[in-house]
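Peer 1: Turn this into a model:
(one chain, ligands or ions: 2)
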Amino acid sequence: MQVSDCIFCKIAQREIPSEIVYEDDEILAFKDIQPLAPVHLVIIPKIHLRSLNEVNPEHERLIGHIFGVICRLAEELGVAATGYRVVTNTGTDGGQVVGHLHFHLLGGQALEAKIG
Ligand code: 5GP
Ligand code: ZN
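Peer 2: Ligands and ions are numbered 1, 2, ... in the order given. A predicted model of the protein is given here:
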């Protein structure tokens, strides 16, 4: 299910170029265009869910799969031992800009301890 005016759907469809680091039938991981840390990936489900607000029990396996891949990518990118952060901004107050559910994987430097 793709949405025509969605940047991340377009990335998944290869209509917008990106540096893809992982792909399978259900998810895609690519480098953030404005990285906030030496490692900054964006991980998305290929189906267009606008945010965590649209996640329901039928997506639980998908969300678990996303986190499994995030763990593997953190290992492969060499940040698992030093540590990393996974962030999902949700809605306006959560600072979400792109309206397609996504998870940021940030690492490669000591991140600010503060959240929010
Ligand atoms: P949000 O603030 O919605 O949680 O994060 C959206 C993220 O997507 C931002 O970190 C932004 O830099 C990234 N982003 C926005 N447009 C593009 C794009 O066209 N390509 C890539 N690779 N990242 C993008
Ligand atoms: Zn989308």
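
Peer 1: any chance you could map the helices in this structure?
Peer 2: 7-12, 60-76 (DSSP state H).

Peer 1: Figure out which of the ones you listed is closest to ligand 2.
Peer 2: helix 7-12 (3.4 Å; Cβ to the ion). Every residue, glycine included, has its C-beta placed from N, CA and C.

Peer 1: Check whether that closest one comes into contact with ligand 2.
Peer 2: Yes. On the criterion Cβ under 5 Å from the ion, helix 7-12 is in touch with ligand 2 at 8, 9.

Peer 1: which helices and strands sit right next to the lengthiest strand in the chain?
Peer 2: Under DSSP state E, the strand in the chain containing the largest number of residues is strand 39-45. Contacts defined by 3 or more Cβ pairs under 8 Å, 6 or more residues apart in numbering; DSSP states H and E place strand 39-45 against helix 7-12, strand 27-31, helix 60-76, strand 103-107.

Peer 1: For this structure, what lies in contact range of ligand 1?
Peer 2: 7, 16, 18, 30-34, 42, 89, 95-98 (Cβ under 6 Å from any ligand atom).

Peer 1: ok, how many other residues are close to residue 53?
Peer 2: 12 (other Cβ atoms under 10 Å).

Peer 1: If you could redo that for residue 65, that was the one I meant.
Peer 2: Residues near residue 65, counting by other Cβ under 10 Å: 15.

Peer 1: shouldn't it be in contact with residue 25?
Peer 2: No. When contacts are counted by Cβ atoms under 8 Å, residue 65 is not listed as touching residue 25 (10.0 Å).

Peer 1: Dump the helices and strands packed on strand 39-45 to JSON lines, plus mean pLDDT and distance to residue 53.
Peer 2: Converted to JSON lines, the helices and strands packed on strand 39-45 look like this (pLDDT from 0 to 100; distance: least, Cβ to Cβ, whole Å):
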{"stretch": "helix 7-12", "mean pLDDT": "98", "distance to residue 53": "16"}
{"stretch": "strand 27-31", "mean pLDDT": "98", "distance to residue 53": "19"}
{"stretch": "helix 60-76", "mean pLDDT": "98", "distance to residue 53": "13"}
{"stretch": "strand 103-107", "mean pLDDT": "98", "distance to residue 53": "15"}
